[in-house]
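J.: pasting a predicted model and its sequence here:
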Amino acid sequence: MSKLEEYRINNENWFEVAYKDAISEDRGSCDENEKARYALLIQIQYDFQESDQELIRFLFEQEIIAREKDEFQGIGSALWLGAFLLAKFRAPADISLFYRAKNSNFDTHCGFDIEFVFWPLKDNTDAYLADNHPELLNDLGGIYLESGINETISEWWAGQLGQYPDCVEKELPLVLYERSLYFEDIEKAKEYLDSWASNEPESDRKQSYLKYAYKEIGEFDKAISIAKKDINLKGPGWDKASAFRDLLELYTRSGAPSVALQYIESIDAEFKRFDNWKRAGLGHMTVKSAFEYSIECNDSSAGKKAFKYANAWGNQVNKLPFVVLEAGMQAAEKWNMYFKAKKYKKLAEQERARIDSM
């Protein structure tokens, strides 16, 4: 018996896919059951039944709770899918739930479709809110008519139906690639990515996506090849320095060979062309990237030179973040730079204390 069939029979086990607080090293607070819940929503997408309404509503509400508590915020594919499945019932009682999803964090407020709120009742939404949720009228009253949703909402729903087909065979390769990557099935992810790439016409968008995708699945040589071509298309200064930094990160993740030092030197040459990198995120990110290369590099000459470049840049930017200071400390310790390691350790401790006191 599948998990979906089990949950259809017995709602006492729904706690297995409920939001559950957990701590992750890379994300901080997170949801222990997020993958199980998303997998269940995908099963329902391909085997939708009218009797699943309460289960879908439960899953969607858990997705909302996850967005409300996630330190990294975001929207996420599972929230979108849960919203679509619940919207298929067009139940007025869910309007307040869609409103809550829209306002569960900054990213959802900006990016989650307001159409979900109006889809159940369309232009009768205001009257329903007045009778059932008058507290929402200040935010939602009149939006349906004033925003133009009235003319486009049916087209919007047709788009939703196209985005979420009723069987896996109708899914787009990139959707299946991203799902496989999320569930850590790297071999499947590679298959779907190759399928998409073989049929997608050549374009800057395609190359940009492939560079990112190859990085995600660990095919760094392919990503490096694209990144090198990309550099030739960038103008001098900010754009080229940023492109060199992207290339450096790829080399670092592929083992930090000594040959990559030339790209740190290229970044330094670009930095000499303009000054505002010192006052922007590019400066912080590039210092961090050079420190991380120094940590991963096993060639002492290249590793030490990388540290010196990063240290020199770091002395020119405004207030390095904790993660950059920590990387500087680790790089200095690796190459037995006692005084530099002591300096970065002290600065990192001071920054950590400042953050903890906020």
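T.: Arrived safely, thanks for sending. Residues are numbered from 1 along each chain as shown.

J.: pull out the buried residues from the helix ranked longest in the chain.
T.: Secondary structure of the chain read by DSSP state H shows that its longest helix is helix 338-356. Under the neighbour-count criterion of 16 or more other CB atoms under 10 Å, helix 338-356 has Lys340, Ala341, Lys343, Tyr344, Lys345, Leu347, Ala348, Glu351 buried. (Each C-beta comes from the backbone N, C-alpha and C, glycine too.)

J.: next: stretch 121-133.
T.: Neighbour-count burial for stretch 121-133 flags Leu121, Thr125, Asp126, Leu129 (criterion: 16+ other CB under 10 Å).

J.: how deep is Leu233 tucked in, by neighbour count?
T.: 11 (other CB atoms under 10 Å).

J.: that's a strand at it, yeah?
T.: No - applying DSSP: H, G, I helix; E, B strand; the rest coil, one finds Leu233 to be coil, outside a strand.

J.: would you mind measuring from it to Asn276?
T.: Noted for Leu233: a distance of 22 Å to Asn276, by CB to CB, to the nearest Å.

J.: try Leu247
T.: Taking CB to CB, one finds Leu247 at 21 Å from Asn276.

J.: just give the nearest non-adjacent residue to the spatially most central residue of the chain, would you?
T.: Taking CA atoms, centre = their mean as the criterion, Gly74 is the residue nearest the geometric centre of the chain, at 7.0 Å. In this structure, Gly74 finds its nearest non-sequential neighbour in Asp107, 5.2 Å apart by CB to CB, 6 or more residues apart in numbering.

J.: give the rounded mean pLDDT of the helix or strand hosting that neighbour.
T.: Secondary-structure assignment from DSSP states H and E places Asp107 in helix 106-111. Taken as a whole, helix 106-111 has an average pLDDT of 91.

J.: what's in contact with it?
T.: Outside helix 106-111, the residues within contact range by CB atoms under 8 Å, 6 or more residues apart in numbering are Arg67, Gln73, Gly74, Ile75, Leu79, Ala101, Lys102, Asn103.

J.: selecting buried members of those residues in ChimeraX, what would you type?
T.: Selection of the buried residues among the contacts of helix 106-111 in ChimeraX, burial being defined by 16+ other CB under 10 Å:
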select :67,75,79,101,102
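
J.: okay if I get the contacts of helix 106-111 as a markdown table plus distance to Gly314?
T.: Shown next, in a markdown table, are the contacts of helix 106-111 (distance: CB to CB, whole Å):
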| residue | distance to Gly314 |
| --- | --- |
| Arg67 | 35 |
| Gln73 | 29 |
| Gly74 | 30 |
| Ile75 | 34 |
| Leu79 | 39 |
| Ala101 | 42 |
| Lys102 | 41 |
| Asn103 | 39 |
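
J.: what is the burial count for Asn276?
T.: Asn276, neighbours per other CB under 10 Å, totals 10.

J.: wait, Gly237
T.: The local packing of Gly237 (other CB under 10 Å) involves 15 other residues.

J.: cool, and Ile226?
T.: Ile226 has 19 neighbours, counted by other CB under 10 Å.

J.: ok, and the closest non-adjacent residue to it?
T.: Closest to Ile226 by CB to CB, 6+ apart is Lys211, at 4.3 Å.

J.: could you measure from that neighbour over to Leu181?
T.: Applying CB to CB to Lys211 and Leu181 gives a distance of 15 Å.

J.: over to Asp70?
T.: For Asp70, the distance to Leu181 - CB to CB - is 19 Å.

J.: next: Tyr251.
T.: Counting by CB to CB - Tyr251 and Leu181 are separated by 22 Å.

J.: between those two, who's got more neighbours?
T.: Neighbour comparison, Tyr251 and Leu181: the larger count goes to Tyr251, with 24 against 18 (by other CB under 10 Å).

J.: isn't Asn311 right up against Gly328?
T.: Yes - Asn311 is within contact range of Gly328, at 7.0 Å (criterion: CB atoms under 8 Å).

J.: higher neighbour count, those two?
T.: Set side by side, Asn311 and Gly328 show more neighbours around Gly328, with 29 against 20, by other CB under 10 Å.

J.: where does that one fall, phi/psi-wise?
T.: The phi and psi torsions at Gly328 (degrees, to the nearest 10) take the values phi -60, psi -40.

J.: let the chain start at 4 from now.
T.: All set: I'll call the first residue 4, so the last point we hit is now Gly331.

J.: confidence score at it?
T.: Model confidence at Gly331 (pLDDT) stands at 97.

J.: any idea how far it is from Lys193?
T.: Gly331 sits 36 Å away from Lys193, going by CB to CB.

J.: ok, the residue lying farthest from the centre of the chain to Lys232 distance?
T.: Within the chain, the residue lying farthest from the chain centre (CA atoms, centre = their mean) is Asp134, at 38.8 Å. Here Asp134 is placed at a distance of 60 Å from Lys232 (CB to CB).

J.: which residue ranges form the strands in the stretch 4-153 of the chain?
T.: Taking DSSP state E, counting those that start in this stretch as the test, the strands found in the stretch 4-153 of the chain are 24-27, 31-34.

J.: fine by me, thanks again.
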